[in-house]
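Novice: This is a predicted model, with the sequence first.
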Amino acid sequence: MTVLELQKLANEKLGEGTQLEFGRDMLEISCPHCDAEAEFFTLGKVDRISKAVCPHCDNKRRDKTFYTIYGNVSFEDKTFAQIGVPKFDIVWARNQETLIGFEFNEDAPDVLGCLYQLPQE
């Protein structure tokens with residue numbers, strides 16, 4: 001599922017103006033000097049120093065942290081895995097006082113392994 005697809009679904013469920021929220025800070029690293037595609041990571045899972053220099057033009061890159069998505073974003077056509085959201089995670093949708101979670105449970109077998117097969121009571 002792409003960011004745009006989930007934004008549309010969240011707007012259908014909660015109304016226009018819904019924002020998506022992550023349970024952690026996310027990091028976007030981009031180069032203002034060349035057209036290299038931006039990279040995305042979960043903050044804390046990346047060594048910022050090793051990513052500071054653009055591998056394409058050797059100039060310093062910019063980083064931006066975020067934990068919400070509201071409106072149009074440059075990465076709306078990317079999947080959540082492509083922007084660094086971990087497997088079997090929850091992305092939240094909020095509109096004013098209403099909050100709902102979207103669980104990415106298709107990754108459950110990969111994350112839970114043999115625990116995924118345990119009988120449910």
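Specialist: Perfect, I can see it now.
Novice: Following the longest helix that the chain contains in sequence, what is the next regular element?
Specialist: For the chain, the helix that runs over the most residues, judged by DSSP state H, is helix 3-14. Next helix or strand after helix 3-14 toward the C-terminus (DSSP states H and E): strand 19-30.
Novice: packing partners for that following strand?
Specialist: On a contact count with 3 or more CB pairs under 8 Å, 6 or more residues apart in numbering; DSSP states H and E, strand 19-30 meets helix 3-14, strand 39-42, strand 62-69, strand 90-95. Backbone N, C-alpha and C define where each C-beta goes, glycine included.
Novice: how about a cut-off of 6 Å?
Specialist: With contacts taken as 3 or more CB pairs under 6 Å, 6 or more residues apart in numbering; DSSP states H and E, strand 19-30 sits against strand 39-42, strand 62-69, strand 90-95.
Novice: what inclination does that strand have with respect to helix 3-14?
Specialist: 160 degrees (axes from the mean of the first three to the mean of the last three CA atoms, to 10 degrees).
Novice: Sheet-wise, list the partners of strand 19-30 with their directions.
Specialist: strand 39-42 (antiparallel), strand 62-69 (antiparallel), strand 90-95 (antiparallel) (DSSP bridges).
Novice: Mean neighbour count for those strands - can I get that in JSON lines?
Specialist: Formatted as JSON lines, the strands paired with strand 19-30 follow (neighbours: other CB atoms under 10 Å):
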{"stretch": "strand 39-42", "mean neighbour count": "18"}
{"stretch": "strand 62-69", "mean neighbour count": "14"}
{"stretch": "strand 90-95", "mean neighbour count": "17"}
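Novice: In a markdown table, list those along with distance to residue 110 and mean pLDDT.
Specialist: Below are these laid out as a markdown table (distance: least, CB to CB, whole Å; pLDDT from 0 to 100):
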| stretch | distance to residue 110 | mean pLDDT |
| --- | --- | --- |
| strand 39-42 | 17 | 86 |
| strand 62-69 | 24 | 92 |
| strand 90-95 | 16 | 96 |
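Novice: related to what we said a few turns ago, what's the mean pLDDT across the longest helix of the chain?
Specialist: Averaging pLDDT along helix 3-14 gives 96.
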